[in-house]
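Undergrad: need a 3D model of the following:
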Amino acid sequence: MDPAKAKEIYEDLYKEINGRSLSLEGRESQQLSSKSFVYGEAVLNPFIELIKEANPAPGGVFLDAGSGTGKAVFIAHLFFDFKKSVGVELLEALYKASEQVLERYEKEFRPQIKNDVGDREVKFIHGNILDIDYSNADLVFMNSTCFQEDLMEGLVPYVNDMKPGSTLVTLSKSINSPAFELYKQKMFEFSWGQGTGFYHRKK
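TA: All right, here's what the predicted structure looks like:
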């Protein structure tokens, strides 16, 4: 798809979505005080570069573990050739916002670009990133900047199910698992400032 058209659609989809306020609302309503739920968002151009650095093969599956309002998922869908882009989010307010964005996209925008995106799927799951299956994903992204150590350690047995050759990208913290090779680090700009992307390849 033409990048300018993809950017226009992306910006239109999120022009009235305030993820930060939705996150605060969600944490309060679900009484979640852990720092692991502190909100941060993907920024369009840096996140495009973050995915490009992973060099994803066409037709793969992108998974955002902790997807917020779904920005990273839609960047993956609109700017890359993933057959499926999936987001998992525990906070109900953020999940509902992502579903509203998806509903609007399917109704207003997909019909305009059906020749570009074909049957490429976008899906959001309301759930815990410790309860999902990572085995089908080719590229997994985690905005782990505020993830606490117990969560990072708890994720290991789940991401270890990823298939050989798949890529896991974490922010600010790397995954400590002998099942992965840490092969690249790069700085990117995000909504809260700079963060280091850690690129892990499943052995």
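
Undergrad: can you give me the strands in this protein?
TA: 61-65, 84-89, 121-126, 139-142, 167-171, 180-190, 193-202 (DSSP state E).

Undergrad: wouldn't residue 179 be in contact with residue 201 here?
TA: No. Contact criterion C-beta atoms under 8 Å: residue 179 and residue 201 do not qualify, at 10.0 Å. No exception for glycine: its C-beta is placed from N, CA and C like everyone else's.

Undergrad: on that earlier part again, how about the strands of the chain, which one is nearest residue 157?
TA: strand 180-190 (12.6 Å; C-beta to C-beta).

Undergrad: now tell me what touches the closest one from outside.
TA: Contact partners of strand 180-190, identified using C-beta atoms under 8 Å, 6 or more residues apart in numbering, comprise 40-43, 46-47, 49-50, 53, 143, 145, 159, 168, 171, 174, 194-203.

Undergrad: strand 193-202 and that strand, what's the angle between them?
TA: Angle, strand 180-190 to strand 193-202, by axes from the mean of the first three to the mean of the last three C-alpha atoms, to 10 degrees: 160 degrees.

Undergrad: chain center to stretch 52-71, what's the gap?
TA: How far stretch 52-71 lies from its chain's middle: 6 Å, per C-alpha atoms, centre = their mean, to the nearest Å.

Undergrad: from here on, count from 6
TA: With the count now opening at 6, the last piece we talked about shows up as stretch 57-76.

Undergrad: list the buried ones in it?
TA: 59, 61, 65-76 (16 or more other C-beta atoms under 10 Å).

Undergrad: from residue 21, how far out is residue 80?
TA: The spacing between residue 80 and residue 21, counted by C-beta to C-beta, to the nearest Å, is 18 Å.

Undergrad: which one of the two has more residues nearby?
TA: Just comparing residue 80 and residue 21: by other C-beta atoms under 10 Å the higher neighbour count belongs to residue 80, 25 against 8.
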